[in-house]
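Engineer: Just the structure for this:
(2 chains)
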There are 2 protein chains.
Amino acid sequence: MFDIAPNFGALLVFIEHRYTSADMLGYLTSTRALADFAILITSLKQNLSPVDAPVVVFGGSYGGMLASWFRLKYPHVAIGALASSAPILQFYDITPWSSFNDVVSQDFKSESLNCFSVIKAVWDVLDERGSNETGLLELSKTFRTCKTVHSVSRLGLWLRAAFTTTAMVDYPTPANFMMNLPAYPVKEMCKIIDTFPPGADVIDKAFAAASLYYNYTGDQKCFEVEGGDDPHALHGWGWQACTEMFMPMTVSNESMFPPSSFMPEKRSKGCFMFYGVRPRMHWITTQYGGHKIDKVLKRFGSNIIFSNGMRDPWSGGGVLKKISSSIIALVTEKGAHHLDLRSATKDDPDWVVEQRRQEVEIIHGWIDQYNKDIARM
Amino acid sequence: MFDIAPNFGALLVFIEHRYTSADMLGYLTSTRALADFAILITSLKQNLSPVDAPVVVFGGSYGGMLASWFRLKYPHVAIGALASSAPILQFYDITPWSSFNDVVSQDFKSESLNCFSVIKAVWDVLDERGSNETGLLELSKTFRTCKTVHSVSRLGLWLRAAFTTTAMVDYPTPANFMMNLPAYPVKEMCKIIDTFPPGADVIDKAFAAASLYYNYTGDQKCFEVEGGDDPHALHGWGWQACTEMFMPMTVSNESMFPPSSFMPEKRSKGCFMFYGVRPRMHWITTQYGGHKIDKVLKRFGSNIIFSNGMRDPWSGGGVLKKISSSIIALVTEKGAHHLDLRSATKDDPDWVVEQRRQEVEIIHGWIDQYNKDIARM
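Structural biologist: Okay, here's the model as predicted:
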């Protein structure tokens, strides 16, 4: 957006999502966020005088969902939306629950079958070694944890987070979105695993791979595995996942993670214990639609770009097919989580450059059409 | 709806608008009402099994606004809306503020210039006579009030409510919507005024006319002018008018009512004193649109009938022109407030019959199209 705003003579506005602090969570809803955007945008235009200036909304991930929903609910406020990696179909009964973890696994498998197999093998070994105090002490040393870990499951989550998030940010250039990472970090992780000598310990391999994610810059003396600050902690997301953002996820037998099912009742119970609320499983699809999205959007929506990179675990919940002449799906086979919204770099592969060029062209088309409409009035 | 439901094999559902009780007013918003409708409709269809059954929403007046807004915000839940006498443009800076009272006055003027002039003359006389205790006692007798009135302004409001509401319900057949009334009640009121002998008192004329509204059945022994139950009291509407339903109204010099202006600041102050809230003047148009409605709806909406009767004081705030091939305006010159939603009677004039026939035809078209779409999937 910073790159292209000058070409459009555009004002960039980043609007905060309110009510993410603990004492305000009760007000934290996507609906309220959209209303905030509508009020702020309308008011800004009034106060800054360009009342008729066209507005295009941009967002990635949850922000991408908000962008597309904003265009659907407030077509009189925004003339179009670029919804990047927006999993608006990642809800209760639309996208298969294993989709997310299947993509993560496929990302690693696509780099190296050995890499995939090593990661798949690590969980049982980890559980076995971590089943007693001595084992946990050993593992704490291996994982260079800042404090001795008390539960092997935390080590598992720590490893898994590294693989999952690296799949999300598997960008073709060095980046610093979640963590500082090299280009194609999944490939780099697998290289680390694959270059271990024969007979090396599977735990050592997994830790070395995870270190690429947690310590690429090499300045971490130790790792906060238990109770540390999670760098991906999104304030309020836990609440949202327990209210409206109910996205069931499972791990299938084909995954490199330990298979797991999803029990809505169990999640509901947990949410009630933690927040005193229960998830509304069908709320998002009731509020914004989602079922038969192609048919519904074709008839009632326009001017939305849904962009997705197929290496992004969230892509399974995205809109991957063109819906109408003005609701476009831009899909890149090698793209990751909202790559298109990142600043251009000299190392960008052609397919990213082309994707961004298409987006700019489409947005220019919306604005031209809007200006023609305005001129006619 | 009762008349036509059998032709469609339709289930009729009347959905309550929540939060109208005094202790719940803080939750009373149109947005929340629409969300309620979405949840209930979706859930009903799931529980009753016809998940794919098409839903058409109907509403008159505020309900008509809700119906049209529901279609705009929840196109995935309702395939179309009949919005009868829905003043969705009666907001801050769209419709002229005098529109409502201009139509009331025009209704009376169209029946008889004398009738209009008598009503126009009554207010000064009333104020003059009611300026002291003796006068108020006399007026209380004339108006057959249950208790002696303490303020002449209440008598004025009582009279004015009779004329205003009668204009709203100026139906071509006997009806019992607000009150039991004969066909063409404005004409009947004017007949009463016009048949007084020359030189009769203007107050007597006005009272006799108002009695048609308050006492057509003749069973009222006295009238509760001060502090009585207002039969039109809409629970919660006061709150809504002080929050989002901010519809400024003035009386122009051409009206039959005493000219008056509208001061947003004064209203805001009153709302704050009474409810502890201040109106959000631009909220409705921000949330639902309204400016350039023709352009916006043409591109982003479909399947809405806006029906209006031009004798309805609310018609000025309605959508009176066809917006697109599927957003239709049905306007009847002689119609009043959501006449089309009333049950058919044997005395209905041809133009009402024709209006309803058109509505049914259009709705059939929506359903046929929907069924075709479903069949293709």
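Engineer: Scan chain A for its longest helix.
Structural biologist: Determined from DSSP state H, the single longest helix within chain A is helix A:350-376.
Engineer: From the chain's centroid, how far away is that one?
Structural biologist: In terms of C-alpha atoms, centre = their mean, to the nearest Å, the centre of helix A:350-376 is set 25 Å apart from its chain centre.
Engineer: for it, packing partners?
Structural biologist: When contacts are defined as 3 or more C-beta pairs under 8 Å, 6 or more residues apart in numbering or on different chains; DSSP states H and E, helix A:350-376 sits against helix A:5-8, strand A:56-60, strand A:80-84, strand A:304-309, strand A:327-332. Backbone N, C-alpha and C define where each C-beta goes, glycine included.
Engineer: how about a markdown table for those, with mean pLDDT added?
Structural biologist: Output for those, formatted as a markdown table (pLDDT from 0 to 100):
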| stretch | mean pLDDT |
| --- | --- |
| helix A:5-8 | 96 |
| strand A:56-60 | 98 |
| strand A:80-84 | 98 |
| strand A:304-309 | 98 |
| strand A:327-332 | 97 |
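Engineer: Between strand A:56-60 and the longest helix of chain A, find me the angle.
Structural biologist: Between helix A:350-376 and strand A:56-60, the angle comes out at 150 degrees (axes from the mean of the first three to the mean of the last three C-alpha atoms, to 10 degrees).
Engineer: Report the buried residues of helix A:350-376.
Structural biologist: Buried residues in helix A:350-376, counted by 16 or more other C-beta atoms under 10 Å in any protein chain shown: A:352, A:355-356, A:359, A:362-363, A:366-367, A:369-370, A:373.
Engineer: how many degrees apart are it and strand A:304-309 in direction?
Structural biologist: Using the same axes, to 10 degrees, helix A:350-376 lies at 170 degrees relative to strand A:304-309.
Engineer: quick one: average confidence on helix A:350-376?
Structural biologist: The average of the pLDDT scores along helix A:350-376 is 95.
Engineer: A:S105 touches A:N253, doesn't it?
Structural biologist: No: at 10.6 Å, A:S105 does not count as touching A:N253 under the criterion of C-beta atoms under 8 Å.
Engineer: Who has more neighbours out of those two?
Structural biologist: Neighbour count, other C-beta atoms under 10 Å in any protein chain shown: between A:S105 and A:N253, A:S105 has more, with 24 against 7.
Engineer: Next one, pLDDT for that one please.
Structural biologist: On pLDDT, A:S105 comes in at 98.
Engineer: gap between it and A:K187?
Structural biologist: Here the criterion is C-beta to C-beta, to the nearest Å. By it, A:S105 lies 15 Å from A:K187.
Engineer: can you give me the strands for the stretch 151-300 of chain A?
Structural biologist: A:175-176, A:180-181 (DSSP state E, counting those that start in this stretch).
Engineer: So which of those is nearest chain B?
Structural biologist: Ranking the strands of the stretch 151-300 of chain A by distance to chain B, with C-beta to the nearest C-beta as the measure, places strand A:175-176 first at 36.4 Å.
Engineer: Just the element for the closest residue to A:T164 other than its chain neighbours, please.
Structural biologist: Computed as C-beta to C-beta, 6 or more residues apart in numbering or on different chains, the closest residue to A:T164 that is not its neighbour in sequence is A:V104, at 5.3 Å. In this assignment (DSSP states H and E), A:V104 forms part of helix A:99-111.
Engineer: Could you list every helix and strand that that helix packs against?
Structural biologist: Packing partners of helix A:99-111 (3+ C-beta pairs under 8 Å, 6+ apart): helix A:113-129, helix A:152-168, helix A:185-194.
Engineer: and it, how far out from the chain's middle?
Structural biologist: Remark: helix A:99-111 is offset 15 Å from the chain centroid, using C-alpha atoms, centre = their mean.
Engineer: May I see the buried residues of that helix?
Structural biologist: A:99-109, A:111.
Engineer: which one among these gets closest to chain B?
Structural biologist: A:S99 (21.9 Å).
Engineer: Close to chain B: what parts of chain A are there?
Structural biologist: Contacts of chain A with chain B, taken as C-beta under 8 Å from any C-beta of the partner chain, map to A:31, A:35, A:38-39, A:42-43, A:73-77, A:282-283, A:286-292, A:295-296, A:299-302, A:373, A:377.
Engineer: So which of those are in helices?
Structural biologist: Among the residues of chain A next to chain B, the ones falling in helices (DSSP H) are A:31, A:35, A:38-39, A:42-43, A:73, A:283, A:286-288, A:295-296, A:299-300, A:373.
Engineer: now the end-to-end length of stretch A:140-158.
Structural biologist: One end of stretch A:140-158 sits 12 Å from the other (C-alpha to C-alpha, to the nearest Å).
Engineer: Can you tell me what sits against it?
Structural biologist: Residues from elsewhere that reach stretch A:140-158 (C-beta atoms under 8 Å, 6 or more residues apart in numbering or on different chains): A:123, A:126-127, A:129-131, A:135-137, A:139, A:203-204, A:207, A:210, A:221-226, A:228, A:258.
Engineer: what's the spacing between it and its chain's center?
Structural biologist: Relative to the centre of its chain, stretch A:140-158 is centred 26 Å away, using C-alpha atoms, centre = their mean.
Engineer: What residues sit buried inside that stretch?
Structural biologist: A:140, A:143, A:145, A:149, A:152, A:154-156, A:158.
Engineer: returning to what we had before: of the contacts of stretch A:140-158, just the buried ones, PyMOL syntax please.
Structural biologist: Remark: buried members of the contacts of stretch A:140-158, expressed as a PyMOL selection using 16+ other C-beta under 10 Å:
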select buried, chain A and resi 123+126+129+130+136+139+203+207+210+223+225+226
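Engineer: still on that earlier bit, can you say which of the residues of chain A next to chain B are buried?
Structural biologist: Judged by 16+ other C-beta under 10 Å, buried ones among the residues of chain A next to chain B: A:31, A:35, A:38-39, A:42, A:73-77, A:282-283, A:286-291, A:295-296, A:299-302, A:373.
Engineer: what does the model give the nearest residue to A:C222 once chain neighbours are set aside for pLDDT?
Structural biologist: In space, and not counting its chain neighbours, A:C222 is closest to A:C146: 4.0 Å by C-beta to C-beta, 6+ apart. If you check A:C146, the pLDDT there is 95.
Engineer: measure A:C146 to chain B for me?
Structural biologist: According to C-beta to the nearest C-beta, to the nearest Å, A:C146 and chain B sit 46 Å apart.
Engineer: I'd like to know how many residues surround the closest residue to A:T332 other than its chain neighbours.
Structural biologist: Setting aside the residues directly before and after it, A:T332 is nearest to A:G309 in space (C-beta to C-beta, 6+ apart), at 5.0 Å. A:G309 has 28 neighbouring residues, counting by other C-beta under 10 Å.
Engineer: Can I get the strands of the stretch 151-300 of chain A in CSV including mean pLDDT and mean neighbour count?
Structural biologist: As requested, the strands of the stretch 151-300 of chain A are exported to CSV (pLDDT from 0 to 100; neighbours: other C-beta atoms under 10 Å in any protein chain shown):
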stretch, mean pLDDT, mean neighbour count
strand A:175-176, 92, 15
strand A:180-181, 95, 18
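Engineer: Now distance to B:W69 too, for these, in TSV please.
Structural biologist: Output for the strands of the stretch 151-300 of chain A, formatted as TSV (distance: least, C-beta to C-beta, whole Å):
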stretch	distance to B:W69
strand A:175-176	43
strand A:180-181	46
